[in-house]
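Undergrad: okay, sequence plus prediction incoming.
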Amino acid sequence: MTNSRAVPQEQIRHQLEFIDFIAHMQRDKQPRAFTATYGCQQNEADTQRLAGMLHDMGYAKADSAEDADIIVVNTCAVRENAENRVLGTIGAMAHLKKNNPDLIIAMCGCMVQQEHMTEKIKKSYPQVDLVFGTHALWRFPELLYRAMTGDKRVFDISGDAAGEIAEGLPVLRDGKVHAWLSIMYGCNNFCTYCIVPYVRGRERSRVPEDIEAELRALVREGYRDITLLGQNVNSYGKDLAQDIDFSDLLYRLNAVEGDFTLRFMTSHPKDASHKLFDTMAACDKVAKQLHLPFQSGSDDILRRMNRGYTAQQYRGLIDYARSKMPELTLSSDIIVGFPGENAQDFAQTLELVRAVGFDMLYTFQYSRRSGTPAAEYPDDTPHEVKQARFEELLRTQDACAEPRMKAYQDKRLRVLVDGESRHADYPFTARTDGGLLVYCAGNGLEIGSFAEIIIEKTALRSLFGREVRA
Ligand code: SAH
Ligand code: SF4
Ligand code: F3S
């Protein structure tokens, strides 16, 4: 079954033809491509698609921007500092064109999907040759061909915000252990602070047949740790003709043969159901790991964020999830300094952090995003107060995480070894089922294999373990 939003196959074939044209044009050169990615895992997954296309066009990977014939910067718009970092990087690239006049600089992704940003780049960043938004990603070969052969800069942020899904384009992943697997794109939630729904378009799900086929291919290639991606995976399937939800998808993927772990992110509390937690508990390949952002502990702020749940409901979800999976690793996102947040609201956030006990928190200071409803909300909290709250939140979380991490001392765990580390005494990195970082030692350890270890030492954000032989 195909998705009604699928990009027609003849258009995909057309892009594959452009890939061949470019490969042919460059057959006597040895061109190199450099990619830089800002933002979330979705963007990393998108960059891997661009890298796949570049590879098939004949580009080898460049180690740095200085060595490259093409630079692709995949951008993020979620907070102002993400945008500033991108502009700083692009600014610093202007001089590279002096040494290599044929160099192509391309920008894509969420930040440039905003019209005001495209205008800014047109005016103030003449070194950029090609700009394309999130909806034009699959047309990269054609756009690049135009940028290489025409005498004008190419700007394309068109596309269908209601959503399109492009299947059948190449992908080049980093490493051989972890893989991202997108199951859906876009977001319909319109949290009042967030730019993502505006730059990523509406929710659209890939059909389960395509997802399962990609998973099977990954497992065949030896990937052991596969993360299903979506801005809100709990609404998977709502837009599909067939009757399937995220739990049904998890059962289906869990049934694929092989030795691998499935993770997923991100979940939204308003759609996280008991059925989901029952499914996680029942599926042996699904990691007992949950990233469930709550953003604020104040019901008033949650309402003004348009989140669709209360702090009490959130705690109820966690209680249920832990009753089914006592070993669950739990993380969350929090925004400090939302417009109008007062001392009492913030105290409720701290209370929720203490009451729930998270293994990991991702904390952000509110950043005003133009075009979102919250950008118009009055905000009279001074910056210093927000900064002080932010620091208090970090201290509170560290105090909560310490005993949680210490409890791992002397525990025996199964981990997936995924890389080399910089610790001489613990030369490998590994991940627990819950996704915690472990530095490991042992003669039998091998990257890409599961191992049994005993935890010898704990720190605030990582563990240290030694292999145990059966
Ligand atoms: N779809 C995911 C999150 C995407 S953005 C979800 O809803 O969980 C990741 C995180 O960035 C959000 O959870 C939020 O905590 C933070 N964030 C989003 N917009 C922000 C803004 N304008 N200012 C500060 N943090 C923001
Ligand atoms: Fe942004 Fe909310 Fe959508 Fe997450 S669910 S991407 S925070 S609008
Ligand atoms: Fe950033 Fe876009 Fe992800 S705005 S956080 S890269 S969806």
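TA: Everything's here; your move. Ligands and ions are numbered 1, 2, ... in the order given.
Undergrad: so for the biggest helix by length in the chain, what gets flagged as buried?
TA: Using DSSP state H, we find that the single longest helix of the chain is helix 383-406. Buried residues in helix 383-406, counted by 16 or more other CB atoms under 10 Å: Lys386, Arg389, Phe390, Leu393, Thr396, Gln397, Cys400, Ala401, Arg404, Met405. Heads up, the C-betas are built off the backbone N, CA and C, glycines and all.
Undergrad: quick check, that helix touching ligand 1?
TA: No: Helix 383-406 stays clear of ligand 1 (CB under 6 Å from any ligand atom), getting no nearer than 11.0 Å.
Undergrad: show me what the mean pLDDT comes to for that helix.
TA: Per-residue pLDDT over helix 383-406 has a mean of 96.
Undergrad: what's the following helix or strand after that helix?
TA: strand 412-420 (DSSP states H and E).
Undergrad: now do the end-to-end distance for stretch 291-309.
TA: By CA to CA, to the nearest Å, the extent of stretch 291-309 from end to end equals 16 Å.
Undergrad: can it be said to contact ligand 2?
TA: No: Stretch 291-309 is not in contact with ligand 2 by CB under 6 Å from any ligand atom; minimum separation 7.0 Å.
Undergrad: so is that stretch next to ligand 3?
TA: No: using CB under 6 Å from any ligand atom, we find that stretch 291-309 stays clear of ligand 3, coming within 12.0 Å at best.
Undergrad: now do that stretch: distance to the chain's middle.
TA: Its chain's C-alpha centre and that of stretch 291-309 lie 21 Å apart, by CA atoms, centre = their mean, to the nearest Å.
Undergrad: which parts of the stretch 251-400 of the chain sit against ligand 2?
TA: So the stretch 251-400 of the chain meets ligand 2 at His268 (CB under 6 Å from any ligand atom).
Undergrad: what segments of the stretch 251-400 of the chain are helices?
TA: 274-282, 299-304, 311-324, 343-356, 383-406 (DSSP state H, counting those that start in this stretch).
Undergrad: would you map the helices across the stretch 101-250 of the chain?
TA: Using DSSP H, counting those that start in this stretch, helices in the stretch 101-250 of the chain cover 115-124, 140-149, 196-200, 208-221, 246-254.
Undergrad: which of those is buried the deepest?
TA: Greatest average neighbour count among the helices of the stretch 101-250 of the chain goes to helix 196-200 (a mean of 22), per mean count of other CB atoms under 10 Å.
Undergrad: where are the low-confidence patches of the chain?
TA: 1-4, 470 (pLDDT under 70).
Undergrad: how about the residues of it that lie near ligand 1?
TA: Listed as neighbours of ligand 1 in the chain under the rule CB under 6 Å from any ligand atom: 78-79, 193-194, 196, 231-232, 266, 268, 293, 295, 333, 335, 364, 366-367, 369.
Undergrad: neighbours of Leu157, how many?
TA: One correction, residue 157 is Ile, not Leu. Neighbourhood size, Ile157 [other CB atoms under 10 Å]: 18.
Undergrad: now Glu83
TA: 22.
Undergrad: ok, Ala136 touching Ser158?
TA: Yes: assessed by CB atoms under 8 Å, Ala136 is found in contact with Ser158 at 6.6 Å.
Undergrad: any idea which element the closest residue to Tyr59 other than its chain neighbours lies in?
TA: What sits nearest to Tyr59 in space, not counting adjacent residues and going by CB to CB, 6 or more residues apart in numbering, is Ala33, at 3.8 Å. Assigned by DSSP H and E, Ala33 belongs to strand 32-37.
Undergrad: next helix or strand past that strand?
TA: helix 41-56.
Undergrad: in TSV, list the helices of the stretch 101-250 of the chain along with distance to Gln9.
TA: Shown next, in TSV, are the helices of the stretch 101-250 of the chain (distance: least, CB to CB, whole Å):
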stretch	distance to Gln9
helix 115-124	30
helix 140-149	15
helix 196-200	24
helix 208-221	13
helix 246-254	24
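Undergrad: residues touching the residue in the stretch 351-470 of the chain that ligand 2 sits nearest to, list them.
TA: Here the stretch 351-470 of the chain gets closest to ligand 2 at one residue, Thr372, 8.9 Å apart by CB to the nearest ligand atom. Neighbouring residues of Thr372 by CB atoms under 8 Å, 6 or more residues apart in numbering: Thr192, Tyr193, Cys194, Ile195, Tyr198.
Undergrad: go again using 10 Å as the cut-off
TA: Phe190, Cys191, Thr192, Tyr193, Cys194, Ile195, Val196, Pro197, Tyr198 (CB atoms under 10 Å, 6 or more residues apart in numbering).
Undergrad: circling back: compare the helices of the stretch 251-400 of the chain and give me the one nearest Val415.
TA: Closest of the helices of the stretch 251-400 of the chain to Val415 is helix 383-406, at 15.1 Å (criterion: CB to CB).
Undergrad: between the closest one and helix 343-356, how many degrees?
TA: Here helix 383-406 runs at an angle of 10 degrees relative to helix 343-356 (axes from the mean of the first three to the mean of the last three CA atoms, to 10 degrees).
Undergrad: grab the nearest non-local neighbour of Asp333.
TA: Counting by CB to CB, 6+ apart, the residue nearest Asp333 is Pro293, at 3.6 Å.
Undergrad: so the one you found touches Leu330, yeah?
TA: No: with contact defined as CB atoms under 10 Å, Pro293 does not reach Leu330; the gap is 11.2 Å.
Undergrad: pull up the overlap in contacts between those two.
TA: The contact lists of Pro293 and Leu330 share Leu361, where a contact means CB under 10 Å, 6+ apart.
Undergrad: now, the residues of the chain next to ligand 1 that are in strands?
TA: Counted as lying in strands by DSSP state E, out of the residues of the chain next to ligand 1, are Asp333, Ile335, Phe364.
Undergrad: ligand 3 contacts on this structure?
TA: So the chain meets ligand 3 at Gly39, Cys40, Gln42, Asn43, Cys76, Ala77, Val78, Cys110, Ile195, Val196, Val199, Arg200 (CB under 6 Å from any ligand atom).
Undergrad: follow-up on the earlier one: quick one: the ones in strands among the residues of the chain next to ligand 1 as TSV, columns for neighbour count too.
TA: Formatted as TSV, those follow (neighbours: other CB atoms under 10 Å):
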residue	neighbour count
Asp333	14
Ile335	23
Phe364	16
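Undergrad: give me every residue that touches the closest residue to Asp299 other than its chain neighbours.
TA: Leaving aside its sequence neighbours, Asp299 sits nearest to Thr310 (CB to CB, 6+ apart; 4.8 Å). Residues near Thr310 by CB under 10 Å, 6+ apart: Pro269, Gly297, Ser298, Asp299, Leu302, Arg303, Gly316.
Undergrad: distance of Thr310 from Ile301?
TA: 11 Å (CB to CB, to the nearest Å).
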